[in-house]
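**Student:** fold the following, please.
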Amino acid sequence: MISTILIDDEPDALECLKWELENFKEEIHVAATFNTALEAISFLEKNTVDAVFLDVEMPEMSGFEFLEKFAKRNFAVIITTAYQDYALPAIKKQCLDFLQKPADSQAVKECIEKIKNFKNEHFLIDYFEDKLYKKNEKEGNKKIIINTDGKLMFLQPEEI
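**Tutor:** Residues are numbered from 1 along each chain as shown. Below is the predicted model:
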């Protein structure tokens with residue numbers, strides 16, 4: 001099950017997206033909705049989710065400013081906006097998908113598939129990092145594992 005939050009300053013847009021996602025309730029669960037990015041940041045400091053559906057234009061903090069608060073993201077980001085001009089900046093910010101408001105069921109379904117793939121890839125990376133780390137510890141090797149672009153690098157502490 002995919003766990004997600006929705007961030008949008010427009011209550012109607014939040015309700016519309018939540019309603020659309022509820023059509024896929026066997027696959028995705030909306031853990032919370034937020035009208036401000038600051039509330040969402042506070043939530044994410046204490047909770048883990050698989051995906052964040054994020055509006056771009058919000059009063060206190062834009063969606064892109066929100067993303068800057070997370071140097072390393074362990075969740076997929078889906079930009080939700082009425083403006084197509086944000087597609088390229090979304091790609092540059094490594095967002096998983098871009099849904100133009102109002103999103104239709106087919107676009108949401110395709111987005112959910114992308115989130116599933118993202119989640120599976122990150123699960124495998126975490127699993128192998130954990131297994132390789134434990135194997136190194138058992139063998140007495142004190143190597144540091146660094147994940148870069150989906151590749152694992154093993155470095156001796158003195159190499160850093």
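**Student:** from memory Val56 sits against Tyr86, does it?
**Tutor:** Yes - between Val56 and Tyr86 there is a contact under Cβ atoms under 8 Å: 5.0 Å. To be clear about C-beta, it is placed using only N, CA and C from the backbone, and glycine gets the same treatment.
**Student:** hey, where'd the strands end up in this protein?
**Tutor:** Defined through DSSP state E, the strands belonging to the chain, from first to last, are 2-7, 28-34, 51-54, 76-81, 97-100, 144-148, 151-155.
**Student:** please name the residues that touch the residue nearest to the spatial centre of the chain.
**Tutor:** Among the residues of the chain, Ala76 comes closest to the average C-alpha position under Cα atoms, centre = their mean, at 2.0 Å. If a contact means Cβ atoms under 8 Å, 6 or more residues apart in numbering, then Ala76 has Asp50, Ala51, Val52, Leu96, Asp97, Lys114, Ile115, Phe118, Lys119 as its contacts.
**Student:** so which of these is the closest to Thr33?
**Tutor:** Compare each of the contacts of Ala76 with Thr33 using Cβ to Cβ and the shortest gap goes to Val52, at 11.2 Å.
**Student:** low-confidence regions, the protein specifically.
**Tutor:** In the prediction, the chain carries residues with pLDDT under 70 at positions 123-143, 150, 160.
**Student:** and if we set it to 90?
**Tutor:** 71-72, 74, 83-84, 87, 102, 119-160 (pLDDT under 90).
**Student:** list the contacts for the nearest residue to Ala32 once chain neighbours are set aside?
**Tutor:** Spatial nearest neighbour of Ala32, excluding adjacent residues (Cβ to Cβ, 6 or more residues apart in numbering): Ile5 at 4.9 Å. Contact analysis of Ile5 by Cβ under 8 Å, 6+ apart lists Val30, Ala31, Ala32, Thr33, Phe34, Ala40, Phe43, Leu44, Val49, Ala51, Val52, Phe53.
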